[in-house]
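J.: below: sequence and its predicted model.
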Amino acid sequence: MRKITVKDLCANIAEHWTEHHGKPKPDAKPGIYEKLLSLNRSGTVKQINKIIGNGSWTSLRCDECNKHVELVIEVGEEMGYESNTAHLCKECIKKAYELSCQED
């Protein structure tokens with residue numbers, strides 16, 4: 001279980017990019033990785049989205065209510081292909097807790 005924020009996504013975007021795409025070859029012309037790296041962990045959502053070309057790398061969505069949020073708690077297996085993982089917002093976690101407290 002871990003907490004993930006949009007701020008975390010932005011601060012670690014270059015590392016996250018290389019986890020999925022690998023580091024570019026030394027003789028390759030500068031691309032997305034180098035541009036993300038040049039932000040020096042202080043890039044904004046707008047800057048990152050412009051470099052990548054979409055907002056999928058800087059947005060968080062709750063898997064229960066489907067709302068875009070600034071913070072989720074990741075539960076289950078480590079995120080990966082065919083993993084059993086869910087991202088839950090504070091409100092849905094609160095609802096889940098309240099549901100667990102109800103008498104049968």
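T.: Nice, I can see it.
J.: which of the three states applies to residue 47?
T.: The local conformation at residue 47, judged by DSSP: H, G, I helix; E, B strand; the rest coil, is helix.
J.: next: residue 17.
T.: Per three-state DSSP, the local secondary structure of residue 17 is helix.
J.: that one is in contact with residue 34, isn't it?
T.: No - with contact defined as C-beta atoms under 8 Å, residue 17 does not reach residue 34; the gap is 10.3 Å. Quick note: C-beta positions are derived from backbone N, CA and C, even for glycine.
J.: so which of these two has more stuff around it?
T.: Taking other C-beta atoms under 10 Å, residue 17 and residue 34 do not tie; residue 17 has more neighbours (21 against 14).
J.: in contact with the more buried one, which residues?
T.: Contacts for residue 17 were tallied using C-beta atoms under 8 Å, 6 or more residues apart in numbering; they are 32-33, 36, 57.
J.: swap the cut-off to 10 Å and go again
T.: Residues counted as contacts of residue 17 (C-beta atoms under 10 Å, 6 or more residues apart in numbering) are 23, 31-33, 35-37, 48, 51-52, 57.
J.: out of these, who has the most neighbours?
T.: residue 36 (24 neighbours).
J.: ok, now how distant is the nearest residue to residue 89 once chain neighbours are set aside from residue 20?
T.: Distances taken as C-beta to C-beta, 6 or more residues apart in numbering place residue 62 nearest to residue 89, at 3.9 Å, with adjacent residues excluded. According to C-beta to C-beta, to the nearest Å, residue 62 and residue 20 sit 22 Å apart.
J.: this completes my enquiry, with thanks.
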